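S.K.: Need the 3D shape of this:
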Amino acid sequence: MPTKSKKLYCTCYLTLTPDMKAHVKKKLRGHKLHIIDDVLSLDNLDPKTEVLGVFVDSKVTKKIIDSLPKLKQIVAFSTGYNTIDLKAAKRKKIPVCNVPSYGENTVAEFSFGLMLSLTRQLFLGVKRVKEGEFDYHGLRGFDLKGKTIGIIGTGRIGMHLISMLKGFETNIIAYDAYPNKTLEKENDFTYVPLPELLKTSDIISLHVPLFDSTYHMIDKKAIKKMKKGVYIINTARGGLIDSEALVWGLEEGIVGGAGLDVLEGEDLLEDPHKLLSTTCTVKDTRTSLMNNVLIDHKKTIVTPHLAFNTTEAVKRIIDTSIENIIAFSRGESLNDVTAKKKKK
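M.R.: Numbering: from 1, shown residues only. Here you go, the predicted structure:
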């Protein structure tokens, strides 16, 4: 016999279209559901919350967790969960459940789109024509065929991008902290040490999570090792790149261009009032300044954390998150990142 579900009080901080909101309500029928079209903060907490659902723009801090006395589960409507204080959750034995897979093809396609847009001067070409100048001079790009593409991170998204690049007759190299030799053999690419990838790649695309070990992995020291004219693509997490170092690399001509769907401290761009907060540091202010320089730079394409955002991928995110909640209501554990063992 199926286990009877326990009714839960769910509060989700999400911006959803009317059809998706109706979809969530239908799937969680029987549970008390409160959808708040805002970012989570201490000012809009619901103390009755048992299940807390958040997207990556909401930070679940220790203070937030401690302020919710009935909290039993945290559901990340995303793959990444670096905005959630896992230590605080573990201390209270609160499972944190994520969406391990939803858009490997979705994000890979967007990464590839940024790559082509940069290498073929698409953004500047469109801008020029819209401004009334129908002239291709000064907009020469280059072929991907024969170029060396460095993929940092060979998880689901990285592997999808590798599959796409094979059709363009590129030379693919990759770096991963945990290389998978089977994948390497089956997909005809070569794992190399990170310094070698930085030195030899014509284009570098980032596909790793943001951890302490990957924070600012692309810094000034790393950029100095890169081939002159390298293009950098980041659809993963903004904190992987030191914004100030990237601006330096662009100005020095080491970096030929950057396609960025994520920026370090992008929440400061979403809410400029945060820069006036008493908790805002000098580093925050500097990062925000560098981000604005990157946005305005003629050698960059910057999009607003858009890579995940397709109809199909959003539905997969929502459906997996709902499954995480329903499983928990039945006493089951699904996609609990607090229960995962560290790789050796």
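
S.K.: and the residue positioned nearest the centre of the chain, what is it in contact with?
M.R.: Central residue of the chain (C-alpha atoms, centre = their mean): Ala236, 3.6 Å from the mean position. Going by C-beta atoms under 8 Å, 6 or more residues apart in numbering, Ala236 touches 153, 157, 206-210, 262. The way it works is simple: take the backbone N, C-alpha and C, and place the C-beta from them, glycine included.

S.K.: Quick check: phi and psi on it?
M.R.: phi -100, psi -90 (degrees, to the nearest 10).

S.K.: Any regions of the chain where pLDDT drops low?
M.R.: By pLDDT under 70, the weakly predicted segments of the chain are 1-4, 268, 270-285, 340-344.

S.K.: Show me where it has its helices.
M.R.: Secondary structure of the chain (DSSP state H): helices located at 18-27, 62-66, 86-91, 104-119, 122-130, 156-166, 181-187, 194-200, 220-224, 243-252, 267-270, 282-296, 311-329.

S.K.: tell me which residues of the fifth one are tucked away?
M.R.: The one in question is helix 122-130. Residues of helix 122-130 classed as buried: 122-125, 128 (neighbour count, 16 or more other C-beta atoms under 10 Å).

S.K.: Dump those into TSV; add distance to Gly331 as well.
M.R.: Below are those laid out as TSV (distance: C-beta to C-beta, whole Å):
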residue	distance to Gly331
Leu122	51
Phe123	51
Leu124	56
Gly125	57
Arg128	60
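
S.K.: Tell me the one among the residues you listed nearest to Cys12.
M.R.: Phe123 (35.0 Å; C-beta to C-beta).

S.K.: Not counting sequence-adjacent ones, nearest residue to that closest one?
M.R.: Leaving aside its chain neighbours, Phe123 sits nearest to Ile301 (5.0 Å; criterion: C-beta to C-beta, 6 or more residues apart in numbering).

S.K.: give the contact list for that neighbour.
M.R.: 114, 117-118, 123, 257-260.

S.K.: What distance do you get for it to Asp267?
M.R.: Shown here: Ile301 relative to Asp267, a distance of 21 Å by C-beta to C-beta, to the nearest Å.

S.K.: Nearest residue to Thr214 in space, please, no chain neighbours.
M.R.: Val208 (5.2 Å).

S.K.: How many neighbouring residues does Met226 have?
M.R.: By other C-beta atoms under 10 Å, the residues close to Met226 number 22.

S.K.: ok so, going back, mind putting the helices of the chain into a markdown table with distance to Tyr136?
M.R.: Converted to a markdown table, the helices of the chain look like this (distance: least, C-beta to C-beta, whole Å):
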| stretch | distance to Tyr136 |
| --- | --- |
| helix 18-27 | 42 |
| helix 62-66 | 53 |
| helix 86-91 | 51 |
| helix 104-119 | 15 |
| helix 122-130 | 7 |
| helix 156-166 | 26 |
| helix 181-187 | 36 |
| helix 194-200 | 31 |
| helix 220-224 | 30 |
| helix 243-252 | 23 |
| helix 267-270 | 33 |
| helix 282-296 | 23 |
| helix 311-329 | 34 |
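
S.K.: Ok, which of those comes nearest His34?
M.R.: Of all the helices of the chain, helix 18-27 sits nearest to His34, with 10.6 Å by C-beta to C-beta.

S.K.: What residues of that closest one count as buried?
M.R.: For helix 18-27, by 16+ other C-beta under 10 Å, it's 20-21, 23-24, 27.

S.K.: Give me the domain ranges for the protein.
M.R.: Residue ranges for the domains of the chain, per automatic domain parsing: 9-102+310-339, 104-302.

S.K.: gap between the two ends of the longest one?
M.R.: The distance separating the two terminal residues of domain 104-302, taken as C-alpha to C-alpha, to the nearest Å, comes to 20 Å.

S.K.: ok, now which ones touch the nearest residue to Val56 once chain neighbours are set aside?
M.R.: Excluding the flanking residues, the one nearest Val56 by C-beta to C-beta, 6+ apart is Ser78, at 4.8 Å. For Ser78, the contacting residues are 55-56, 98-99, 308, 317, by C-beta under 8 Å, 6+ apart.

S.K.: Could you do Lys7 as well?
M.R.: Counting by C-beta under 8 Å, 6+ apart, Lys7 makes contact with 30-32, 329.

S.K.: change it to 7 Å
M.R.: Neighbouring residues of Lys7 by C-beta atoms under 7 Å, 6 or more residues apart in numbering: 30-32.

S.K.: what does Gly257 give?
M.R.: For Gly257, the contact set (C-beta under 7 Å, 6+ apart) comprises 118, 231, 299-300.

S.K.: If we use 10 Å, what do you get?
M.R.: By C-beta atoms under 10 Å, 6 or more residues apart in numbering, the residues touching Gly257 are 114-115, 117-119, 121, 123, 203, 229-233, 250, 297-301.

S.K.: how far is stretch 241-250 from where the chain is centred?
M.R.: Between the mean C-alpha location of stretch 241-250 and the chain-wide mean there is a distance of 19 Å, by C-alpha atoms, centre = their mean, to the nearest Å.

S.K.: Find the nearest non-adjacent residue to Tyr13, please.
M.R.: Counting by C-beta to C-beta, 6+ apart, the residue nearest Tyr13 is Leu40, at 4.4 Å.

S.K.: Just give the number of residues close to that neighbour.
M.R.: Other residues near Leu40 come to 23 when the count uses other C-beta under 10 Å.
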